[in-house]
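# A predicted structure for the sequence below; I have some questions about it.
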Amino acid sequence: MSEQKVLIDCRDAALGYEGRPIWEHLTFQVRRGDYLCIVGDNGSGKSTLLKSMLGLLRPLSGEIRLDESLRRGAIGYLPQQTRAQKDFPATVSEVVLSGFLSARGWKFFYTPAQKSQALQHMGKLGILELKDKCYRELSGGQQQRVLLARALCAAGDLLVLDEPVTGLDPAAADDLYRTLRYLNRTEGMAVVMVTHDIRSALRDAAAILHAGRDQWFLGTPREYLASPYGKRFGGDLS
Ligand SMILES: Nc1ncnc2c1ncn2[C@@H]1O[C@H](COP(=O)(O)OP(=O)(O)OP(=O)(O)O)[C@@H](O)[C@H]1O
């Protein structure tokens, strides 16, 4: 068992709306350096869980406890992109820097430290040369990198991603996964990702949480493949 700091501690939680639970008796932890993929059919409750993890939806019972830094807003969140966002008329730098908005408080300008951090994140994600370009003129893969750099500005130890490769071609998707592996393995960031890409979940995740209609399953990729949920995919880990 990892000795890393616990970021999210979910204990016997029931999650849902108007008193009707979608998840029941949900218990799991996310620690620094974890890589958790949340999978399951459409409508099975994945977004409901993300909203609860982000503190946007209160559990019906039980509790989801967030580490102090997360409660102060240090969560890098990459939401599903809407069409309107794809057409956002701002430069790449402006979009990346907006990741600091919640930390900026009453100030009107970004601090030199924030500007330099934003440049570092852009460098790390290979988009530095795009910094003065207009966001809406970029490819889908480049846009996701910009949004990831933006999420890193807000992130402390945790990145939360909602179907991040939707609409990307296989090469761009692989690029994004490689970057996430780097952030996870080299920088120790915890990654929590909702995904329909079961192959990448089996390859990269340390744990898979399956949202089922009546019950959920949590285990390693190997345990998942041996479970009734994973057997459906009939794949292997090679
Ligand atoms: N605000 C809400 N109020 C009431 N019910 C909701 C609300 N949001 C979602 N639901 C219901 O909760 C259930 C789970 O929805 P959720 O969006 O969490 O599923 P999902 O697994 O993320 O689906 P998808 O893969 O399609 O994104 C669905 O039956 C949905 O209709």
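Arrived safely. What you are looking at is a predicted structure, and each value in this text was computed from that prediction instead of being measured. Residues are numbered from 1 along each chain as shown.

# how far is the helix or strand where residue 151 lies from where the chain is centred?
Taking DSSP states H and E as the criterion, residue 151 maps to helix 140-154. From the chain centre to the centre of helix 140-154 is a distance of 12 Å (C-alpha atoms, centre = their mean, to the nearest Å).

# and the next element down the chain from it?
Helix 140-154 is succeeded, C-terminally, by strand 158-162 (DSSP H and E).

# show me what that following strand is packed up against.
Packed against strand 158-162, as judged by 3 or more C-beta pairs under 8 Å, 6 or more residues apart in numbering; DSSP states H and E, are the following elements: helix 46-53, strand 75-78, helix 140-154, helix 170-185, strand 190-194. Where C-beta positions appear, they are placed from N, C-alpha and C, glycine not excepted.

# circling back to that earlier point, alpha carbons only: can I get the helix holding residue 151 in PDB?
C-alpha atoms of helix 140-154 as PDB (Å, rounded to 0.1, in the frame of the first residue of the first chain):
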ATOM      1  CA  GLY A 140      -7.800  19.500 -31.500                       C
ATOM      2  CA  GLY A 141      -4.700  17.900 -30.100                       C
ATOM      3  CA  GLN A 142      -3.000  21.300 -29.600                       C
ATOM      4  CA  GLN A 143      -6.100  22.700 -27.900                       C
ATOM      5  CA  GLN A 144      -6.100  19.800 -25.400                       C
ATOM      6  CA  ARG A 145      -2.400  20.500 -24.600                       C
ATOM      7  CA  VAL A 146      -3.300  24.100 -24.000                       C
ATOM      8  CA  LEU A 147      -6.100  23.100 -21.700                       C
ATOM      9  CA  LEU A 148      -3.800  20.700 -19.900                       C
ATOM     10  CA  ALA A 149      -1.300  23.500 -19.400                       C
ATOM     11  CA  ARG A 150      -4.100  25.600 -18.000                       C
ATOM     12  CA  ALA A 151      -5.200  22.800 -15.700                       C
ATOM     13  CA  LEU A 152      -1.600  22.500 -14.400                       C
ATOM     14  CA  CYS A 153      -1.600  26.200 -13.400                       C
ATOM     15  CA  ALA A 154      -4.400  25.400 -11.000                       C
END
